[in-house]
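> Take this sequence and fold it.
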Amino acid sequence: MYKSNSILIVGSTGSIGSQLCPELERIGYNCIKTSRNTLDDDYVFLDLNDFDSIDILAKNLPELLGIIFLSGKEPSENMESMTEEHLDSMINLHFKSVIWIIKKLKNKIINGGFIITTSSVSSHKGSYDPTYSSLKSAIEGLTRTLVKDLSPHIRINSVAPGLIEGSKVFNLMTQDFRERHLETTPLKRFAAIDDIIETYVFLIKNKHITGQTIHVNGGQYIG
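Have a look, this model is predicted:
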């Protein structure tokens with residue numbers, strides 16, 4: 001099942017992961033896909049709310065070329081409607097689990113390997129859900145901070161997509177909200193999934209980029 005060019009995809013069933021994995025396999029990489037909801041042999045079990053699950057995964061994995069973090073929970077609650085349960089869940093899925101997986105798996109990554117986290121344009125533009133945008137900002141800070149810990153053996157970068165047409169977040173938005181989003185985007189189009197996938201592939205292949213956040217948002221935020 002495992003090969004020397006294996007990439008662990010945390011969040012392989014989402015809008016990006018479900019398209020990224022086939023593309024990576026098409027160009028010669030082996031994707032180790034995670035899920036907490038399926039017993040399919042194509043997936044390994046991982047529950048990001050259960051750190052014991054992360055520890056077990058770490059013990060059973062072989063060496064890795066890299067890790068890509070794509071898991072998360074869609075923004076859904078503003079300050080008025082926010083619950084403690086929502087806050088805890090967002091922190092676990094978007095931040096705590098990322099740190100813990102890196103802590104437990106960094107020694108599994110081969111020399112010259114990589115980690116790619118996923119941020120969002122909302123880390124700079126804000127969001128209806130303050131937990132979502134705040135935690136995406138934290139992920140970018142974590143990405144920069146870990147450069148010193150992981151170099152020179154492992155590169156770490158982040159991808160910050162804008163609104164992706166056809167994604168779950170996109171489909172949950174009202175038409176008015178989509179139009180307002182488009183009005184503030186200089187290129188006047190939403191991100192296509194291929195725009196985003198190409199960015200992950202670029203960061204896998206480029207050996208001299210680390211500590212960076214690559215913004216793919218049509219100019220909505222200029223970093």
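
> neighbouring contacts of the helix ranked longest in the chain?
In the chain, assigned by DSSP state H, the helix with the most residues is helix 130-150. With CB atoms under 8 Å, 6 or more residues apart in numbering as the test, helix 130-150 has contacts from 73-75, 77-79, 82, 86-87, 90-91, 94-95, 98-99, 102, 106, 115, 117-120, 122-127, 156-158, 160, 210-213. Glycine gets a C-beta too; all of them are placed from N, C-alpha and C.

> avg pLDDT for the longest strand anywhere in the chain?
Identified as the longest strand of the chain according to DSSP state E is strand 109-118. The average pLDDT for strand 109-118 rounds to 97.

> quick one on the thing from earlier: restrict the contacts of helix 130-150 to the buried ones and give me that as a PyMOL selection.
Filtering these down to the buried ones (16 or more other CB atoms under 10 Å) takes a single PyMOL command:
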select buried, resi 73+75+77+90+94+95+98+102+106+115+117+118+119+120+122+123+124+127+156+157+158+160+210+211+212+213
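
> Let's see which of the contacts of helix 130-150 end up in strands.
Per DSSP E, strands hold the following members of the contacts of helix 130-150: 115, 117-118, 156-158, 160, 213.

> which helices and strands does the longest strand of the chain pack with?
When contacts are defined as 3 or more CB pairs under 8 Å, 6 or more residues apart in numbering; DSSP states H and E, strand 109-118 packs onto strand 64-69, helix 130-150, strand 154-161, helix 193-205.
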